[in-house]
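**Q** Give me a model of this one.
(one chain, ligands or ions: 1)
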Amino acid sequence: MTDWTTRLLHPSAGPEEGFESLVTPVFRGSTTVFPSAAAISDDWRHEAGYTYGLRGTPTTRELALRVAELEHGLRTFITPGGHAAITLINLAFLSAGDHVLLPDSVYGPNRRLAEDVPTRFGVEVEFYPPLAGAQIEELIRPATRLVWCESPGSVTMELQDVPAIAAAAHRHGALVALDNTYSAGVYFDAFAHGVDVTMQALTKYVGGHSDLLLGSVTVRTPQAYERVGAMHDQLGMGASPDDCSFALRGLSTLGVRLAALQQSTLQVARWLATQPAVATVLHPALPSCPGHDTWRRDFSGSTSVFSIVLPEGTPREAVIAFIDALRLFRVGYSWGGVHSLAVPWFDLTRNHGTPRAGPIVRFNVGLEDPDDLIADLDQALSSAGLTQP
Ligand SMILES: *Cc1c(COP(=O)(O)O)cnc(C)c1O
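**A** Model (predicted):
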């Protein structure tokens, strides 16, 4: 008989069998135990089963499989955040001497990353006008390896002609990566529109409640699976099974949340479009959004994030007064959760940006009653003196 302290680690009692639940529990674990010494394996491939905690547990793998299914992809890798997913794609596909194209409207941290790490490692980075469409072909060189798309773009919301960009990229052997966070991977069917690899900040709509950080990279081809999988493994991009469990819960309500957010956001955006002090509403489903026709052609819905442009010369103090007067919209980055948010951009620089009058305010609409949100915006515009064109 072994000592009781040894038996604490090698008990004869274990969980009783026969439990079945509607949900996958949180499987934590660094070490994966193999049935025998001969069965030991160091393979990251999902087909090889479980080999080490960083490569997944049943909780993280289920999330990966479900995101792949939702996006109609071959396989998905879960990353610690959306930004880590961007890093993973860059490091998987770019090598010294390559050229990469990014839309000028790309998510800010994606731009900052591109300007630093790949550049230091000998990759040439170039930004292109988000509305370039087929004309992107003029910028593609023999060394162009990767073309990033993000549609709509961050803050300025340009919709990109992804099929035209993909066709041009593929004619020259370049791959197309898409940040598909806006559409939650569902309102824009990326792979059907020619994209090779997608990423999402699951932090946003899949998580849906502002209480976790996770990302995903989804691939279409076995070749991309090999490249992204090997890099995911080399970078040690593990994700917390607890966070993955929250994301799985988020998936079960994604449909009703997106439907409600779409309706409320449209109502709020349309009301803002009637306000004299709002120069432009940048919401993909409104004709005032650059690339709106592309949205109509390619998307099956719109979500909760959009921007307004205030008239040229609107003083910074008035923008701050407006946002601070809001009682239901909180001030903060990120979006896709159940709370309404507002963030100012006073002098956003975009080299090829669509013409814009004054400062921008970006909103995320949450699950509050839309009439309450409109009343809140109304009183805040008045109290900031933003009532005239
Ligand atoms: C938030 C966001 C990301 C990054 O996601 P994190 O989980 O915060 O790292 C990437 N792309 C877009 C468009 C985003 O809005």
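
**Q** Tell me the spatial nearest neighbour of V281, not counting adjacent residues.
**A** A273 (4.5 Å; CB to CB, 6 or more residues apart in numbering). In this view, the C-beta of every residue, glycine as well, is placed from N, C-alpha and C.

**Q** average pLDDT across the longest helix along the chain?
**A** For the chain, the longest helix by residue count, based on DSSP state H, is helix 241-273. Helix 241-273 shows an average pLDDT of 98 in the prediction.

**Q** next one: stretch 160-169
**A** Mean predicted lDDT for stretch 160-169 stands at 98.

**Q** Run the chain-centre distance for that stretch.
**A** How far stretch 160-169 lies from its chain's middle: 19 Å, per CA atoms, centre = their mean, to the nearest Å.

**Q** Report whether that stretch contacts the ligand.
**A** No - counting by CB under 6 Å from any ligand atom, the ligand has no neighbours in stretch 160-169; the shortest distance is 12.8 Å.

**Q** Need the contact partners of stretch 43-61.
**A** Stretch 43-61 has contacts (CB atoms under 8 Å, 6 or more residues apart in numbering) with 24-32, 41-42, 64, 75, 78, 229-230, 232-233, 236-239, 241, 244-245, 248.

**Q** Over to stretch 343-352?
**A** 104-105, 127-130, 155-156, 307, 316, 319-320, 323, 331-333, 359-362.

**Q** okay, now A321: neighbour count?
**A** 16 (other CB atoms under 10 Å).

**Q** Now do the buried residues in the helix or strand hosting it.
**A** A321 is located in helix 316-325, with elements delineated by DSSP states H and E. Neighbour-count burial for helix 316-325, with 16 or more other CB atoms under 10 Å as criterion, is recorded at 318-319, 321-323, 325.

**Q** got it, and stretch 94-112?
**A** 94, 98-107, 110-111.

**Q** Now for these: which two are most distant?
**A** D98 and S105 (22.0 Å; CB to CB).

**Q** Backbone dihedrals for V33, both of them.
**A** Note on V33: its backbone torsions stand at phi -90, psi 130 [degrees, to the nearest 10].

**Q** Next: A37.
**A** phi -60, psi -30.

**Q** count of residues packed around it?
**A** Once other CB under 10 Å is used to define contacts, A37 is seen to have 6 neighbours.

**Q** try R7
**A** R7 - counted by other CB under 10 Å - has 12 other residues nearby.

**Q** So what's the residue count around the closest residue to F322 other than its chain neighbours?
**A** Nearest residue to F322 in three dimensions, chain neighbours excluded: A384, at 3.7 Å (CB to CB, 6+ apart). By the criterion of other CB under 10 Å, A384 has 22 neighbours.

**Q** again with A375
**A** Other residues close to A375 by other CB under 10 Å number 14.

**Q** Show me what the strand or helix carrying it is packed up against.
**A** Secondary structure assignment for A375, by DSSP H and E: helix 370-383. For helix 370-383, the packing partners by 3 or more CB pairs under 8 Å, 6 or more residues apart in numbering; DSSP states H and E come out as helix 241-273, helix 316-325.

**Q** ok, for F93, nearest residue in space, not its chain neighbours?
**A** Using CB to CB, 6+ apart, the closest residue to F93 is L146 (5.1 Å).

**Q** just for the stretch 1-150 of the chain, where's the confidence low?
**A** Along the stretch 1-150 of the chain, segments meeting pLDDT under 70 are nowhere present.

**Q** What are the boundaries of the strands in it?
**A** Secondary structure of the stretch 1-150 of the chain (DSSP state E, counting those that start in this stretch): strands located at 75-79, 99-103, 124-128, 144-150.

**Q** Who's the closest spatial neighbour of the residue of the chain found nearest the ligand, skipping the chain neighbours?
**A** The chain approaches the ligand most closely through G82 (2.3 Å), counting by CB to the nearest ligand atom. Nearest residue to G82 in three dimensions, chain neighbours excluded: A201, at 2.5 Å (CB to CB, 6+ apart).

**Q** Write down the beta-bridge partners of that neighbour, one by one.
**A** G215 (DSSP bridges).

**Q** what sits against it?
**A** Here A201 is in contact with 81-83, 85, 181, 214-215, 336 (criterion: CB under 8 Å, 6+ apart).

**Q** out of those residues, who has the most neighbours?
**A** Busiest of these [other CB under 10 Å] is A85, holding 30 neighbours.

**Q** Surely that residue touches G215?
**A** Yes - here A85 lies in contact with G215, judged by CB atoms under 8 Å, at a distance of 3.4 Å.

**Q** Between those two, which contacts overlap?
**A** Common neighbours of A85 and G215 (CB under 8 Å, 6+ apart) are 79, 199-201.

**Q** Quick one: which of those residues is the most crowded by neighbours?
**A** Neighbour-wise, the shared contacts of A85 and G215 (other CB under 10 Å) top out at M199, 31 neighbours.

**Q** before we move on, what SS does it have?
**A** strand (DSSP: H, G, I helix; E, B strand; the rest coil).

**Q** Which residues are in contact with it?
**A** Counting by CB under 8 Å, 6+ apart, M199 has contacts 79, 82, 85-86, 88-89, 177-181, 215-218.

**Q** In the stretch 51-200 of the chain, what residue spans correspond to helices?
**A** 58-70, 82-93, 108-120, 162-171 (DSSP state H, counting those that start in this stretch).
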